[in-house]
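> Just a sequence and a predicted model for now, questions to come.
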Amino acid sequence: MFNLLRVLEQFLRFIGCLLLALQYGRLLPRQMISQLHIAGVSSLVLICISALFIGLVFAFQMYIVLEGFGSLPQLSQVVAFGLFRELSPVVTGLLVAGRVGSTLAAELGQMKQAEQIDSLLMWGINSYAYLMWPRLLALLIVTPILVLAFDAISIYAAWFYAVTLHGMESQIFWTPLVFGSIYFEVDVLYGMYKAVFFGGWIGVMSLYQGAFVERGSSGIAKASTQAVVLSSAGVLMLDYVLSQFLY
Amino acid sequence: MIAVDCKLASVSYLNQVILKDIEFRLEAGRYLGILGPSGIGKSTILRVISGFHEEFEETCSVFGNLVSEVDLTVLRQGMSFLFQKSPLLEDMSIFDNLMLSLFYLPGTTQEKSDNIMRVLVKLNLDHVAEHFPDQLSGGMRRRVVLAATVLRKPKLLLCDEPFTGQDPITKASLVNMLSELGQEFGFAMILVSHDVKETLSLCHESIVLMEKTVKVRGGSQDILRSDLPMVRAFLDGTLHV
């Protein structure tokens, strides 16, 4: 119990320092570009591959169900509904947590152990402003963009499955999406809103784990694992809460 | 003028007392060596002085400012810390790392740039200005970190194990550089090390830490003449039974 309170106090102190660091708000463009690259570009291949196969497998499962009811023209609607609202933001969040969250925690933990963060403090540089905010901002910007990429690739994968592999007419596939019940604002944009929260959560948890890393190489491994576990669990919990509010 | 005045009744780490009755005073422009076996808490003294370690009793002041009371940014303004590990940021060139170390100091970019190149030339590192830290040898990285510390023109330099992992020639050149830079910039220095020969040759006064406290203090001859068995064993590198 005492330990839990100590961790909670440490976490709140971390959040306080992070917010206070906003007053130093002097972001270096190079730092931002580098972090956008790490969080975004390096995650893109993983996101594309996942989106491709999730789109295919989702279309495959829905095709079987809808064919039984004679409702194949609704395939794109059903697939898009599930993908845009839930699967796309959640899977993207989980992938970013695994790919970027672990990297952030390990990188910051290594910097802490190598005394680089102490060194910045000696130079009068606020480590929260210089190291943490660019990483956090990059995640806030990049995660919704990755969700959009996931949406686009997965729906094209579903189209490929239905049209190319099963001979459905392309127009029948797209018409319900364009004129049907899929609304850009509700289904696509809300998914991106969720992604902003997911990115923020992953960033804060991963940076916190890195900033308070324990000594030794096992400390970095532990921080990295904790970052992924807490980020992933948080993404799933946040998804439920946000879905209640948004829809 | 007194640079550092430490009276530490005890220093703890994770609620365990690791040092007690540590008392020393360092005048501006003088060098103090802190010797002792690994893991005894030598580096923790430097961390107390620089405000990174708060678990201590009684007082420690730097140029008249109490470490426990003064704003840490103000405390660290006149201070540089040569860390044991190499704290250079890996995604930046050596020049950019040095530029970053001067980020919040007054002066134009051109002035800072000229200053950096002057120090790099002095330390024979001007040819690696555009290199990245992972392209340098351990000795070169050490000298770059030294450049970063003296560039800020500190009044107090804290050196944590600067000779660890260096070959004898690099050690000798580091001793020379610290001595020359001290004469040029006039800083006071506290040097923590377990390299007896280098520390005693460089420092005006030294203390030897054993069993959580100061066992011997004085100039190099006082230290070398000590007849305490455990201190002798440490100085001579023999086993103390």
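It's in.
> Show me where chain B has its strands.
Secondary structure of chain B by DSSP state E: the strands cover B:2-13, B:16-27, B:31-35, B:56-62, B:65-66, B:79-82, B:156-160, B:188-193, B:205-210, B:213-218.
> ok, the strand or helix carrying A:Leu140 near chain B or not?
Using DSSP states H and E, A:Leu140 sits in helix A:133-159. No - applying Cβ under 8 Å from any Cβ of the partner chain, one finds helix A:133-159 separated from chain B by no less than 11.7 Å. Yep, even glycine has a C-beta here, placed from its N, CA and C like the rest.
> mind showing which ranges of chain A have poor pLDDT?
Scanning chain A for pLDDT under 70 picks out A:25-28, A:180-184.
> Can you give the domain ranges for chain B?
According to automatic domain parsing, chain B comprises the domains B:2-78+B:154-236, B:89-152.
> A:Val79 is nearest to which of those domains?
Shortest distance between A:Val79 and the domains of chain B, using Cβ to Cβ, is found for domain B:89-152: 41.3 Å.
> So for chain A, the centremost residue is which one?
The C-alpha lying nearest the average C-alpha coordinate of chain A belongs to A:Gly93 (Cα atoms, centre = their mean; 2.9 Å).
> What strand or helix carries that residue?
helix A:88-96.
> Using CSV, write out every CA atom in that helix.
Only the C-alpha atoms of helix A:88-96 are listed here, as CSV (Å, rounded to 0.1, in the frame of the first residue of the first chain):
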residue,chain,number,x,y,z
SER,A,88,-8.3,0.7,-36.5
PRO,A,89,-7.7,3.1,-33.5
VAL,A,90,-7.3,0.2,-31.0
VAL,A,91,-5.0,-1.9,-33.1
THR,A,92,-3.0,1.2,-34.1
GLY,A,93,-2.8,2.2,-30.4
LEU,A,94,-1.6,-1.3,-29.4
LEU,A,95,1.0,-1.4,-32.2
VAL,A,96,2.3,2.1,-31.3
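> What about A:Thr225, how many residues nearby?
The number of residues packed near A:Thr225 is 14, by other Cβ atoms under 10 Å in any protein chain shown.
> A:Gln35 versus the closest residue to it other than its chain neighbours, what's the distance?
Nearest residue to A:Thr225 in three dimensions, chain neighbours excluded: A:Ser102, at 7.7 Å (Cβ to Cβ, 6 or more residues apart in numbering or on different chains). A:Ser102 sits at a distance of 15 Å from A:Gln35 (criterion: Cβ to Cβ, to the nearest Å).
> How about A:Ala59?
Going from A:Ala59 to A:Gln35 by Cβ to Cβ gives 35 Å.
> which of those two has more neighbours?
A:Ala59 (26 against 23).
> buried sites along the longest helix anywhere in chain B?
Longest helix of chain B, by residue count under DSSP state H: helix B:168-185. Within helix B:168-185, the residues that count as buried by 16 or more other Cβ atoms under 10 Å in any protein chain shown are B:170-171, B:173-175, B:177-178, B:181-182, B:185.
> Next: stretch A:58-76.
A:58-59, A:62-63, A:66, A:72, A:74-76.
> Stretch B:17-31 now?
B:19, B:22, B:24, B:26, B:29-31.
> quick check, nearest of these to A:Phe2?
Nearest to A:Phe2 out of these is B:Leu19 (Cβ to Cβ; 26.3 Å).
> closest point of chain A to chain B, which residue?
Closest contact between chain A and chain B, by Cβ to the nearest Cβ, is at A:Ser119 (3.4 Å).
> thinking again about what came up before, which other helices and strands does the helix or strand hosting the residue nearest to A:Thr225 contact?
Using DSSP H and E, A:Ser102 sits within helix A:102-113. Packing partners of helix A:102-113 (3 or more Cβ pairs under 8 Å, 6 or more residues apart in numbering or on different chains; DSSP states H and E): helix A:190-211, helix A:217-246.
> Determine which stretch of these is the most buried.
helix A:190-211 (a mean of 24; mean count of other Cβ atoms under 10 Å in any protein chain shown).
> is chain B contacted by that one?
No - contact of helix A:190-211 with chain B (Cβ under 8 Å from any Cβ) is absent, the minimum separation being 14.2 Å.
> what angle separates that helix from helix A:133-159?
Put simply, helix A:190-211 runs at 140 degrees to helix A:133-159, going by axes from the mean of the first three to the mean of the last three Cα atoms, to 10 degrees.
> Most proximal residue of chain B with respect to chain A?
For chain B, Cβ to the nearest Cβ, closest residue to chain A: B:Pro87, 3.4 Å.
> nearest residue to that residue other than its sequence neighbours?
Closest residue in space to B:Pro87, ignoring its immediate chain neighbours: A:Ser119 at 3.4 Å, by Cβ to Cβ, 6+ apart.
> buried sites along the helix holding A:Gly93?
A:88-96.
> would a markdown table of the residues you listed with distance to chain B be doable?
Formatted as a markdown table, these follow (distance: Cβ to the nearest Cβ, whole Å):
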| residue | distance to chain B |
| --- | --- |
| A:Ser88 | 32 |
| A:Pro89 | 30 |
| A:Val90 | 32 |
| A:Val91 | 30 |
| A:Thr92 | 26 |
| A:Gly93 | 26 |
| A:Leu94 | 27 |
| A:Leu95 | 24 |
| A:Val96 | 21 |
